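>>> Got a predicted structure plus its sequence, pasted below:
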Protein chains: 2
Amino acid sequence: MEPVRVSSEALLRLVQALFEHEGLSPEDAATIARVQVEADLRGMHSHGTRAVPTYLERVRRGIINPRPAIRVTDLGIAALVDGDAGPGQVVAVRAMEECIARARRYRIGLALARRSNHFGAAGFYAGMAVAHDLIGIVTTNGNLVLAPWGGLTPTVGNNPLAIGVPAGVEPPLLLDIATSVVAGGKIDLLAAEGGRLPPGWWLDARGQPARDVAEALAGLGIPLGAPAAGHKGFGLALALEALAGVLSGARYGRQHTVEVESGPVPWDEGHFFLAIDPALAMPLGTFKARMDQLIREVRASQPIPGGAPIHAPGELALQRREQALREGILLPGSVYRALCACARERGLDGLDPRIERDNSPPA
Amino acid sequence: MEPVRVSSEALLRLVQALFEHEGLSPEDAATIARVQVEADLRGMHSHGTRAVPTYLERVRRGIINPRPAIRVTDLGIAALVDGDAGPGQVVAVRAMEECIARARRYRIGLALARRSNHFGAAGFYAGMAVAHDLIGIVTTNGNLVLAPWGGLTPTVGNNPLAIGVPAGVEPPLLLDIATSVVAGGKIDLLAAEGGRLPPGWWLDARGQPARDVAEALAGLGIPLGAPAAGHKGFGLALALEALAGVLSGARYGRQHTVEVESGPVPWDEGHFFLAIDPALAMPLGTFKARMDQLIREVRASQPIPGGAPIHAPGELALQRREQALREGILLPGSVYRALCACARERGLDGLDPRIERDNSPPA
């Protein structure tokens, strides 16, 4: 589907208006908009406003509570956050704020959230820590995507791991990876766009390589390390499930389901947030200069002739972000249409595209 | 090469004697023996006593200081450990003890070690936290194994990530993975044993799949997620380099070299140890029962017909350990011979095999 260029401001306004229409406070609606549009700005359309229609539907179904009373239990160095089934973005931003406040006071901070929902891209929250000159480590559990290596039963999410590390003059290191080879949102985006499934992206329901998007939608993620060492990616997802699900007190493992909409209400997703102040070990300026050097070493690597372009984690996304702020976000056509349909359905103004029928491919 | 069955007690005694002969204190020699033999007990021969001859040689070359004066700077919740170029195992055990003591007092503990050496298997130290009913998270940097995805210049180690989580009646979850598809020690073991390189294990020096062990020894590791998403495994290794190398104050990135022996003296490797008390979030018994359930769900997965056997991370290693304690360790023949040669060279008694010419394959 042809991508459509829209301004990030218009996208933010529309997403906020949609959630306000569903009964969220302006502040909470703005938080969701900020988190999801940030992913689109970075070219991560699988984790951006693509999810907004799904979230809106979840509010209507009672999976997401539009007016949560979030409760924080203060344990000094750690905070336990009860999300009251609120939007994952709202719960997670609050939890990361609690985590950051503790890291600033105690040099390390931990926040565990339960009774939450899908929170968008984990990297957003690691980035919040980085903006405070802290190292941020974030994970979450979610719907079931991965079977144990050698197995067929979906047992844990392809739980993401985000690690953000501040740098000096170089862009910060911002890793945000699913524990499957490809994030699930990319399959959903392919399905909506009518694209072809690249080889090596997903498994079918029998644990064999999926040949098309339909097989993938009914199948399983491929854990990192497969085929020689698929136990590594599954094992990492399982360990992250222990941190985000078991430790947080949320539902975990097969207490969740493959499809959120067929699962328990409230969904009760768990998140894990850790922040470490690098200034505990050395002057902050020294740490940042050391990170700058590491990032430059990545960039200075001799390239493989004809190989993939070399970037430090988060660097390409930052370049895309700057371009999108200047020129507008090149939104996948399916996302644009779905958002406009949500707006029409609610009698709201849709998105006014900056440039119709832009033929350049999505970033 | 035919494996040889030896008792773990005899192996412990020999390794301790070898390091005492090189001038280490009996306590420090016993620590190295304990860490390395533990890996052999678990069937991880790539990370076991295979490395002992290399470590002995590093003591002789001045890379490893046999009599380190380890210094600990106490920052309350965190400890900064200066290893004085001592054996990695000795520095890491001390650092993890400091980390555990802090987690017991503050519910979270961090220890950062610098001026250290190769510490064996990261999982050993995560297991120390688990033995104290704590969650342990451990990583290290090391010699350069991974190039940026799309590149040819070795820039960081295939830095391991170990996560240990206590359970109740089930074996604890103990993840210990390199960020490459296969750990480097497995290539070295293949070389010593004269085995064939399985496909998908390693790259050659041009970034193409290595066809044999010789090409692999001169080549690069394959990051987790390759070929569709090799940037994920490299990015994870880079983030772990930031934690273990940049944050610890150790040498990092290309300050290290591909081969330790050709690198700076002292080598100055960095480690990262984090421990979290799960009892901060709920009664310990509740947490353990929740972990038991997650582990049982992994085991209960429907298997793929003809697929790999299903295990929770650490479960198979624990079964091997129990068998090896009963029946002796089935040591790769190359490891057995190299240890006996080290003993002969020093006028020490070698290993007395329990069963000569055992034909069963190594676990």
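Everything's here; your move. Numbers count the residues shown, from 1 in each chain, chains lettered A, B, ... in the order given.
>>> Please make it C-alpha for all contacts and neighbour counts, starting now.
OK.
>>> which residue does the stretch 151-300 of chain A bring closest to chain B?
Residue of the stretch 151-300 of chain A nearest chain B, by Cα to the nearest Cα: A:Gly151 (4.1 Å).
>>> Give me the distance between A:Ala300 and A:Leu318.
To A:Leu318, A:Ala300 is 18 Å away according to Cα to Cα, to the nearest Å.
>>> Helices of chain A, start to end?
A:8-21, A:26-41, A:52-61, A:88-106, A:122-131, A:184-193, A:213-217, A:230-241, A:284-299, A:315-327, A:333-345 (DSSP state H).
>>> Of those helices, flag the one that's most buried.
Greatest average neighbour count among those goes to helix A:230-241 (a mean of 27), per mean count of other Cα atoms under 10 Å in any protein chain shown.
>>> That helix vs helix B:284-299, what angle?
For helix A:230-241 against helix B:284-299, the angle by axes from the mean of the first three to the mean of the last three Cα atoms, to 10 degrees is 150 degrees.
>>> ok, back up a step: tabulate the helices of chain A in JSON lines, adding columns for distance to A:Ala79 and mean pLDDT.
Compiled in JSON lines, the helices of chain A are given as follows (distance: least, Cα to Cα, whole Å; pLDDT from 0 to 100):
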{"stretch": "helix A:8-21", "distance to A:Ala79": "27", "mean pLDDT": "97"}
{"stretch": "helix A:26-41", "distance to A:Ala79": "20", "mean pLDDT": "98"}
{"stretch": "helix A:52-61", "distance to A:Ala79": "26", "mean pLDDT": "98"}
{"stretch": "helix A:88-106", "distance to A:Ala79": "7", "mean pLDDT": "98"}
{"stretch": "helix A:122-131", "distance to A:Ala79": "15", "mean pLDDT": "98"}
{"stretch": "helix A:184-193", "distance to A:Ala79": "30", "mean pLDDT": "94"}
{"stretch": "helix A:213-217", "distance to A:Ala79": "37", "mean pLDDT": "96"}
{"stretch": "helix A:230-241", "distance to A:Ala79": "18", "mean pLDDT": "97"}
{"stretch": "helix A:284-299", "distance to A:Ala79": "25", "mean pLDDT": "98"}
{"stretch": "helix A:315-327", "distance to A:Ala79": "31", "mean pLDDT": "96"}
{"stretch": "helix A:333-345", "distance to A:Ala79": "36", "mean pLDDT": "97"}
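>>> Output those helices in a markdown table, with distance to B:Asp292 appended to each entry.
Shown next, in a markdown table, are the helices of chain A (distance: least, Cα to Cα, whole Å):
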| stretch | distance to B:Asp292 |
| --- | --- |
| helix A:8-21 | 39 |
| helix A:26-41 | 35 |
| helix A:52-61 | 31 |
| helix A:88-106 | 27 |
| helix A:122-131 | 27 |
| helix A:184-193 | 27 |
| helix A:213-217 | 30 |
| helix A:230-241 | 13 |
| helix A:284-299 | 40 |
| helix A:315-327 | 39 |
| helix A:333-345 | 41 |
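>>> Could you say which one of these comes nearest to B:Asp212?
Nearest to B:Asp212 among the helices of chain A is helix A:230-241 (22.1 Å), distances taken as Cα to Cα.
>>> does chain B sit close to the closest one?
Yes - on the criterion Cα under 8 Å from any Cα of the partner chain, helix A:230-241 is in touch with chain B at A:His231, A:Lys232, A:Gly233, A:Gly235, A:Leu236, A:Ala239.
>>> How about the contacts made by the first one?
In this case it means A:His231. A:Pro148, A:Trp149, A:Pro223, A:Gly225, B:Pro313 (Cα atoms under 8 Å, 6 or more residues apart in numbering or on different chains).
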